[in-house]
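Visitor: how would this look folded up:
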Amino acid sequence: MALPSTVYKATIQLSDLDRGVYTTLQSTLARHPSETAERLVARLLAYCLFYEEELAFTKGVSAGDEPDLWSKAPDGRVALWVEVGLPDAERLLKAARHAERVGLVACGTGLVTWQRQHLDKLRRSRAVTVIGLDQRFLECLVERLERSVVWSVTITEGNVYLQIGTETLETIPDRLTS
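Guide: This is a model prediction of the structure:
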């Protein structure tokens, strides 16, 4: 018998001063039994870093042909395709042929090796943006992860300040491509 997904409810107060985005995000996420807690919090951060009005979570891990997040144009075409983790460069380049923009929040213990193997290929595409996240930052978020996620995220001058309760954590995402 398959294990059920774990449901998380997230409320995020997002203030992205760099892009002029100020909104409250509310979402329900399912964490597949094969998904790590680090990947779950990385998906939430990707939602904040790439947020636009139509951006939505997909079936993700459960649907191998879909990204983690996407926004679609009124005609049904994919406007923004966002992945989380360390996917093969060919997957992202294929997505870039079908979507207007592709984003990747690159994270995981194999990030350095992944960069050596895939980053040069991705830098050739103007449609692909790769942002690296610090593994220690993700681990700090996992330590504070609850089924009801309440974050306040402020992005300014490339820095991310994430408040959970009375505690504020900080990271500088590494922009690996344009």
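Visitor: Going by C-alpha atoms from here, please, whenever you check contacts or count neighbours.
Guide: Fine.
Visitor: what's the helix or strand for the residue positioned nearest the centre of the chain?
Guide: Note on the chain: the residue nearest the mean C-alpha position is residue 46, at 2.1 Å, using CA atoms, centre = their mean. Residue 46 belongs to helix 37-49 when assigned by DSSP states H and E.
Visitor: Run through this protein and note the low-pLDDT ranges.
Guide: Scanning the chain for pLDDT under 70 picks out 1-2, 60-64.
Visitor: all helices for it, in order.
Guide: 37-49, 89-98, 111-123, 135-143 (DSSP state H).
Visitor: just those helices: most buried one?
Guide: For the helices of the chain, the largest average neighbour count (mean count of other CA atoms under 10 Å) is found in helix 37-49, namely a mean of 20.
Visitor: Packing partners of that one?
Guide: With contacts taken as 3 or more CA pairs under 8 Å, 6 or more residues apart in numbering; DSSP states H and E, helix 37-49 sits against strand 78-85, helix 135-143.
Visitor: Export the ones you listed to a markdown table and append columns for distance to residue 3.
Guide: Listed next are those as a markdown table, based on distance: least, CA to CA, whole Å:
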| stretch | distance to residue 3 |
| --- | --- |
| strand 78-85 | 22 |
| helix 135-143 | 21 |
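Visitor: residues in contact with the residue nearest to the centre of the chain?
Guide: 82, 84, 105 (CA atoms under 8 Å, 6 or more residues apart in numbering).
Visitor: out of those, which is most surrounded?
Guide: The most neighbours of any of these, using other CA atoms under 10 Å, belong to residue 82, which has 28 neighbours.
Visitor: Would you enumerate the residues in contact with that one?
Guide: Applying CA under 8 Å, 6+ apart, the residues near residue 82 are 46, 50, 67, 68, 69, 70, 102, 103, 104, 105.
Visitor: what about it, distance to residue 75?
Guide: 19 Å (CA to CA, to the nearest Å).
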